[in-house]
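**Student:** Okay, predicted coordinates and the sequence, questions at the end:
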Amino acid sequence: MPLTLVATPIGHSQDISLRALEVLKSADVIIVEEFKESTSILRAHGIAGKPYESLNEHSSKEDLKKLADLCQAKNVALITDCGTPGFCDPGAHLVDLCRRKNILIQTIPGPSSLMGLLSLSSHRIDQFLFRGFLPAETQERAAAYRELKQDPRAIVIMDTPYRFQKMLSEIQEFLPERKFLLTVNLTQENELVAEGLSSEVQQHPRLPQKAEFMILLYPDSQIKTPPPKPTIKAPVVDQTKGQEKRNFSRSSPQKGSQPPRRRSSSSRF
């Protein structure tokens, strides 16, 4: 039997696909993150009376094993409190265990705060680094910001709702010249989207004290990336003669021959 990962709304209850509802209605068992949050979404769409199991940060290895055994015997759907399960939550551990047991795993894509954030960018984002949650401990957190300061790529960071104002202040401290995009409570009535430097964003009149949020640090072309470390080619063994021949990036010129010409940078493949 399959384990199906089902994306659920990140805010607005109507942001759920018809296929997701069909899978949830036909599931024998639904694994939820927190009963109160998940069952509220399910009841809003007329799904009730199902057997529920729980999978969250407090689940033990024994809990995971029981859930994997259940996935072998039943048609199981996995949902998180909001968004897509398996990404930045314990669902990944269940996916890993089910895959080892050769259990079919399917996904029903849908709402994603990450994709919502990227779609609202005024910059074209062809690549980005998902840094996610920064460390909670003060020194490790400061070290993480110093690393971000040296990275020129677009970077996604986030934190718990009660650290919302703290993170804005930290960006002002560590990244005052870095523009970013802020999304707050996406798809909800009090949704907020702001863009600019930290000093500008912090002046927004509707900034809450606590909220679900994500931040996209925009690329910084002023940061110079360090040159790649030179690589040393491994020796090539001539198995025919049993002799070792070494490949070097430059070979010594033989007598009577001209030294190899250096290629210009424009001739690189």
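**Tutor:** Nice, thanks for sending it over.
**Student:** Which element, helix or strand, includes D220?
**Tutor:** According to DSSP states H and E, D220 maps onto no helix or strand at all.
**Student:** who touches it in this structure?
**Tutor:** P152, R178 (Cβ atoms under 8 Å, 6 or more residues apart in numbering). From N, CA and C alone the C-beta is placed, and that goes for glycine too.
**Student:** Distance of it relative to K179?
**Tutor:** Using Cβ to Cβ, to the nearest Å, D220 is found at 8 Å from K179.
**Student:** Let me know whether Q127 touches R153 as I believe.
**Tutor:** Yes - using Cβ atoms under 8 Å, Q127 is in contact with R153, at 6.7 Å.
**Student:** So Y218 is in contact with L175, correct?
**Tutor:** No - applying Cβ under 8 Å as the test, Y218 and L175 come out as separate, 10.5 Å apart.
**Student:** tell me which residues in stretch 86-103 are buried?
**Tutor:** Using 16 or more other Cβ atoms under 10 Å as the test for burial, stretch 86-103 gives G86, F87, D89, P90, G91, H93, L94, V95, L97, C98, I103.
**Student:** Nearest residue to the fifth one in space, please, no chain neighbours.
**Tutor:** Beyond its immediate neighbours in the sequence, the residue positioned closest to G91 (Cβ to Cβ, 6 or more residues apart in numbering) is P85, lying 4.0 Å away.
**Student:** any idea how far the one you found lies from N185?
**Tutor:** Applying Cβ to Cβ, the value for P85 to N185 is 20 Å.
**Student:** hmm, back to that, tell me which of Q127 and R153 has more neighbours.
**Tutor:** R153 (16 against 7; other Cβ atoms under 10 Å).
**Student:** what's across from the closest residue to that one other than its chain neighbours in the sheet?
**Tutor:** Of all residues not flanking R153 in the chain, L129 sits nearest, at 5.0 Å (Cβ to Cβ, 6+ apart). L129 forms beta bridges with I155, as assigned by DSSP bridges.
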